[in-house]
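[1] Return a 3D structure for these sequence lines:
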Amino acid sequence: MTTSERPTIAILGRFSDSASALRHRAVVTARALLESVWNAGGDPITLLPVEDSNWAERLRGVSGVLMPGGGDIHPSLYGEEPASDALYDMDLLQDHADASLVRFVLDHGIPMFTICRGTQLTNAVLGGNLVQDMAVHHRNHVHTVTIDSDIEGLGLAGSQIEASCYHHQAIDRVGDGVTPLAFAPEGHVEAVRYDTAAWAYGVQWHPEDNAAVDAQNAALFRRFVDEARKAGPFVR
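    Modelled structure (predicted):
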């Protein structure tokens, strides 16, 4: 596959206070995430989170958008006050940039894949809310998830997938146009489909953690990239 055949996949960067090699605060994208998109046939790029983005201009030539994991979402995004001391790395600029991008992507039918925080945030944008601190955290937690429906849409070969989790929050009230596809044994949502004209799905776990060695998790990225290729570059 030549580079020209690879659809451009935009990933909104995450603010980081600990990028010592750069000597400054940084905007980062996980290497495993970039490699997962590349190995699936896409060409990943990182976008700087800023207020009042002209997404019609910034996404020109982009075929798909990936909303990655990250710190906690400020509860004000879903109409609540902080109710837990466990909340961490909240950043309203990050939240507002994420939310405006998600709204634009859904409104314009651009293929989208959301992971962990990205799934929680999209649910909040669509009117849902979150459990601010789960009774049992899923940090460095691996478990088997059974997909209850739309296995074909996700591009999976079977209904079971090994989920590598790192989160202490979860979807509580499901947003408008968000369809749960899988649940954890404790009952929280693990995978969703978004009601939009394009391919748009989300998972609560981190498929990039083991996509290099696990065919099912790799298949999620492959389906996303394939759908982005079919959709073609966004045009204003």
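
[2] what about Asp148, neighbour count?
    13 (other C-beta atoms under 10 Å). C-beta: built from backbone N, CA, C; applies to glycine.

[3] Correct me if wrong: Ala97 contacts Leu12.
    Yes - Ala97 lies in contact with Leu12 (C-beta atoms under 8 Å); the separation is 6.5 Å.

[4] How about the contacts made by the residue nearest to Asp89 when sequence neighbours are not counted?
    The shortest distance from Asp89 to any non-neighbouring residue, by C-beta to C-beta, 6 or more residues apart in numbering, is to Gly71 (2.6 Å). Gly71 is in contact with 14, 88-91, 94, 117, counting by C-beta atoms under 8 Å, 6 or more residues apart in numbering.

[5] now swap in Ser36 and tell me
    So Ser36 contacts 207-208, 211-212, 218, 221 (C-beta under 8 Å, 6+ apart).

[6] Let's see that with 7 Å instead.
    208, 211, 221 (C-beta atoms under 7 Å, 6 or more residues apart in numbering).

[7] what ranges do the helices span in this structure?
    All helices of the chain, identified by DSSP state H, fall at 31-39, 55-58, 92-107, 117-125, 151-154, 215-231.

[8] Point out the most buried one among these.
    helix 117-125 (a mean of 26; mean count of other C-beta atoms under 10 Å).

[9] which residues are common contacts for Ala97 and Leu12?
    Pro49.

[10] I'd like to know how far the residue nearest to His206 when sequence neighbours are not counted sits from Gly71.
    Closest residue to His206 apart from its sequence neighbours, by C-beta to C-beta, 6+ apart: Ser164 at 5.2 Å. Distance of Ser164 to Gly71, given as C-beta to C-beta, to the nearest Å: 18 Å.

[11] so how many other residues sit close to Ser149?
    14.

[12] Report the contact partners of the closest residue to it other than its chain neighbours.
    Excluding the flanking residues, the one nearest Ser149 by C-beta to C-beta, 6+ apart is Leu181, at 5.4 Å. Contacts for Leu181 (C-beta under 7 Å, 6+ apart) come out as 147-150, 191-193.

[13] and the gap between Leu181 and Trp205?
    Taking C-beta to C-beta as the measure, Leu181 and Trp205 are separated by 13 Å.

[14] Kindly report the same for Gly175.
    19 Å.

[15] out of these two, which sits in the busier spot?
    Neighbour tally, Gly175 and Trp205, criterion other C-beta under 10 Å: the higher count belongs to Trp205, 29 against 18.
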